[in-house]
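Undergrad: Give me coordinates for this.
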Amino acid sequence: MKDYATGTTVYLKFGTVRPSTGASYALAGGAVSVYKDNSTTQTTTGVTLTADFDSVTGLNHVTVDTSADGTFYSAGSEFQLVLTAGTVDSISVVGQVVGEFSLGKTSALRPTVAGRTLDVSAGGEAGVDWANVGSPTTTVDLTGTTISTSQAVASVSGSVGSVTAAITLPTIPADWITSSGLAGSAVTEIQSGLLTTGTFNSAIAELPDQVADAVWDDAIADHLSVGSTGESLYRTLAIKTKTDNLPSDPADQSLIETAITNATSGLATAVDLATVDTVVDAIKLKTDNLPSDPADQSAVEAAITAATSGLATASSIVTLTTKVDTLDDYVDTEVAAIKAKTDNLPADPADASDIAASFVTVNSKLDAIDDYVDSEVSAIKVVTDRLSGMLVQDGLVYQYTTNALENAPSGGGGGTTVAVYPLNATMPARVYDLNLTFYKNEDGTVVGPIAVTSRNADVFEPVDLSGRTLSVRFVDYEGTELLTVADADITVSGADDNQISFPVTTDLTGSVTELPQDQWHIWTLRDLTNGDNVLISGRARVLLS
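TA: Residues are numbered from 1 along each chain as shown. As a prediction, the model looks like this:
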């Protein structure tokens, strides 16, 4: 049994032989199901059976896609392929086991995750994943192993030979270095970096000057807190900025008064204001004479009414507009009708004399046609008068009399080609009154031509049958098929390609239909080009003679 990883597509082949001879033989109607372990549950999910694989008789190929159902095709299980349907030479082969496999169960070495592979060195050793080592806390002697200089070591409990890169030391605990643990050279080094007494005193002596320089050189904008010395100094500077703009000798009060007098000398005086008052009083005298209601409203309205009494009202204007619109629409309609007729007139209409001459020619031709029709009708009547004596009514139909058939061809009609007079049919109304009559054992008789027309009101138009796939079918009144004429045996003819002719055989004429008309055979002309559509239909009967 072969073991696979889960999700793998498994391919198996098995052969079938003929029980009687042992030779390879094809499997018919076969089906394969998969059983799991000792469960009676079976599945066909993901299973594909190909009989006679590669056209080899008796060679069968099975494909099982275990990814199609991860629950059924699970790791750690065994699977058996069993025929649950099929025969070989008509003998059942149901229950035959044709293959088996397992998923992640029987392999000695397999990954914990399906599809993963093992890295093996050129010497055959398995690669080591330091992140996935068994028993990682076990002490391992690496005396023969050199650790790369680029590797970081978390901690070392033994002695280290040498260190070439920087070492990150742990935090030094309090009182960790004692006086006995500090080397004398280290003490000397530390003292060399400290200030001596003379250096310290010299620095202190220079400190006041340095502080004063730093204070006065600092920008005043950084020291404007409310109430601070910096703020007071800043305000003093602002006052100075304004007083700097004052003249060195400001003007006396007398100069200022003179300037004001000059500025107001152009204003109106009391005399000027008195003059304005006089003018306003004169205007008021005139406006006092105006009536409180200069134009009486009623008088104005009466004048307006009198002036407009002869004008059209709003309603009369609407009525007039409606009538104008109606007249406009009528004119448009009449003009359009006249134009439709005049558009059909030639650019240069014929003179009345030409039209009269044409009518004379037409009348002459109609007279000739009338004479010809009279002649032909007379000739046809001679023939039909003879036919009337050859037919006798038999119920709902007519039959040839015995005398009329005395000179007919001998035999039952087999092998003789008979030309049937033209018939008519209409569609798509699918008329059901086109009846065909045959005689017993006629074979090869050609029916037609049958003209297929489409009715549009009272006009019959030919139906183009060219390029269509046609079929003629005959069934009895119970629906049993008697004869089907294929497209290859149907002839399409006529100027409009709307006529068909077809032969019949003894499959139809072999038995007589001595039945009422509603139990005659049914025939249909069908269009198989796009589906199966009935174009025309009718009834058919077979007479004894």
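
Undergrad: what are the phi and psi values for residue 332?
TA: Backbone dihedrals for residue 332, given as degrees, to the nearest 10, come out at phi -60, psi -40.

Undergrad: count of residues packed around it?
TA: For residue 332, the number of neighbouring residues by other C-beta atoms under 10 Å comes to 10. Every C-beta, even on glycine, is put in place using the N, C-alpha and C of the backbone.

Undergrad: Helices of the stretch 301-450 of the chain, start to end?
TA: Using DSSP state H, counting those that start in this stretch, the helices of the stretch 301-450 of the chain run over 314-343, 352-388, 402-405.

Undergrad: what about the residue in the chain sticking out farthest from the centre, distance to residue 262?
TA: Of all residues in the chain, residue 254 has its C-alpha farthest from the mean position, at 98.7 Å, by C-alpha atoms, centre = their mean. For residue 254, the distance to residue 262 under the criterion C-beta to C-beta, to the nearest Å works out to 13 Å.

Undergrad: So for residue 246, which of the helices of the stretch 301-450 of the chain sits nearest?
TA: Closest to residue 246 of the helices of the stretch 301-450 of the chain is helix 314-343 (C-beta to C-beta; 81.4 Å).

Undergrad: what about that closest one, average pLDDT?
TA: Helix 314-343 shows a mean pLDDT of 82.

Undergrad: Which strands or helices does it pack on?
TA: On a contact count with 3 or more C-beta pairs under 8 Å, 6 or more residues apart in numbering; DSSP states H and E, helix 314-343 meets no helix or strand.

Undergrad: Centre of the chain to it, how far?
TA: Per C-alpha atoms, centre = their mean, to the nearest Å, the displacement of helix 314-343 from the mean C-alpha position of its chain is 51 Å.

Undergrad: which stretches of the stretch 201-350 of the chain have low pLDDT?
TA: Within the stretch 201-350 of the chain, the ranges that satisfy pLDDT under 70 run 251, 290-297, 299-300, 303, 307, 310-312.

Undergrad: How far does stretch 230-249 sit from its chain's centre?
TA: 83 Å.

Undergrad: What would it look like as PDB? C-alpha coordinates only.
TA: Output for stretch 230-249, consisting of C-alpha atoms alone and laid out as PDB, is shown next (Å, rounded to 0.1, in the frame of the first residue of the first chain):
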ATOM      1  CA  GLY A 230      12.800  93.600  31.800                       C
ATOM      2  CA  GLU A 231       9.100  94.800  31.300                       C
ATOM      3  CA  SER A 232       9.900  98.200  32.800                       C
ATOM      4  CA  LEU A 233      12.900  98.700  30.500                       C
ATOM      5  CA  TYR A 234      10.800  97.600  27.500                       C
ATOM      6  CA  ARG A 235       8.100 100.300  28.300                       C
ATOM      7  CA  THR A 236      10.700 103.000  28.700                       C
ATOM      8  CA  LEU A 237      12.000 102.100  25.200                       C
ATOM      9  CA  ALA A 238       8.400 102.400  23.900                       C
ATOM     10  CA  ILE A 239       7.900 105.900  25.400                       C
ATOM     11  CA  LYS A 240      11.200 107.000  23.900                       C
ATOM     12  CA  THR A 241      10.100 105.800  20.500                       C
ATOM     13  CA  LYS A 242       7.100 108.200  20.600                       C
ATOM     14  CA  THR A 243       8.900 111.200  22.000                       C
ATOM     15  CA  ASP A 244      11.500 110.900  19.400                       C
ATOM     16  CA  ASN A 245       8.900 112.000  16.900                       C
ATOM     17  CA  LEU A 246       8.100 115.300  18.700                       C
ATOM     18  CA  PRO A 247       9.800 118.500  17.400                       C
ATOM     19  CA  SER A 248      12.600 119.900  19.400                       C
ATOM     20  CA  ASP A 249      10.500 123.100  19.900                       C
END
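
Undergrad: Touching it from outside, list them.
TA: Counting by C-beta atoms under 8 Å, 6 or more residues apart in numbering, the neighbours of stretch 230-249 from elsewhere in the structure are 220, 222-225.

Undergrad: What is the nearest of those residues to residue 20?
TA: Of the contacts of stretch 230-249, the one sitting nearest to residue 20 (C-beta to C-beta) turns out to be residue 222, at 117.3 Å.

Undergrad: Nearest residue to the closest one in space, please, no chain neighbours.
TA: Here the nearest residue to residue 222 in space, its sequence neighbours aside, is residue 230; by C-beta to C-beta, 6 or more residues apart in numbering that works out to 8.0 Å.

Undergrad: And for that neighbour, the neighbour number?
TA: Counted with other C-beta under 10 Å, the burial measure for residue 230 works out to 15 neighbours.

Undergrad: What distance do you get for it to residue 217?
TA: Applying C-beta to C-beta, one obtains 14 Å for the distance of residue 230 from residue 217.

Undergrad: can you pull out the helices in the stretch 51-200 of the chain?
TA: With DSSP H, counting those that start in this stretch as the criterion, the stretch 51-200 of the chain has helices at 184-192, 197-217.

Undergrad: Export these as a markdown table, with columns for distance to residue 477 and mean neighbour count.
TA: Below are these laid out as a markdown table (distance: least, C-beta to C-beta, whole Å; neighbours: other C-beta atoms under 10 Å):
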| stretch | distance to residue 477 | mean neighbour count |
| --- | --- | --- |
| helix 184-192 | 129 | 9 |
| helix 197-217 | 130 | 9 |
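
Undergrad: on that earlier part again, what about burial for the contacts of stretch 230-249, which qualify?
TA: Using 16 or more other C-beta atoms under 10 Å as the burial test, those include no buried residue.

Undergrad: Could you chop this structure up by domain?
TA: Residue ranges of the domains in the chain are recorded as 2-103, 408-543, according to automatic domain parsing.

Undergrad: Going by mean pLDDT, which of those domains comes out lowest?
TA: With a mean of 78, domain 408-543 has the lowest mean pLDDT of the domains of the chain.

Undergrad: Tell me which helix or strand residue 503 sits in.
TA: strand 499-504 (DSSP states H and E).

Undergrad: what comes into contact with that strand?
TA: The set of residues external to strand 499-504 that reach it, using C-beta under 8 Å, 6+ apart, is 422, 438, 442-452, 465, 470, 472, 474, 483, 485, 489-493, 525.

Undergrad: If we use 7 Å, what do you get?
TA: For strand 499-504, contacts defined as C-beta atoms under 7 Å, 6 or more residues apart in numbering pick out 438, 442, 444-452, 465, 470, 472, 483, 485, 489-493, 525.

Undergrad: Check stretch 57-69 too.
TA: Applying C-beta under 7 Å, 6+ apart, the contact partners of stretch 57-69 are 6-17, 24-27, 30, 32, 34, 43, 45-53, 73, 81, 98-99, 103.

Undergrad: of those, buried ones?
TA: Among the contacts of stretch 57-69, those buried by neighbour count (16+ other C-beta under 10 Å) are 6, 8, 10, 12, 14, 16, 25-27, 30, 32, 34, 43, 46-47, 49, 51, 73, 81, 98-99, 103.

Undergrad: Of those residues, which belong to strands?
TA: Secondary structure assignment by DSSP state E places 10, 12, 14, 27, 30, 32, 34, 43, 47, 49, 81, 98-99, 103 of these in strands.

Undergrad: what residues are up against residue 519?
TA: Contacts for residue 519 (C-beta under 7 Å, 6+ apart) come out as residue 477.

Undergrad: try it again with 8 Å
TA: Applying C-beta under 8 Å, 6+ apart, one finds that residue 519 lies in contact with 477, 513.

Undergrad: ditto for residue 86
TA: Taking C-beta under 8 Å, 6+ apart, we find residue 86 in contact with 27-31, 92-94.

Undergrad: Nearest to residue 198 among those residues?
TA: Distance ranking of the contacts of residue 86 against residue 198, using C-beta to C-beta, places residue 31 first at 111.1 Å.
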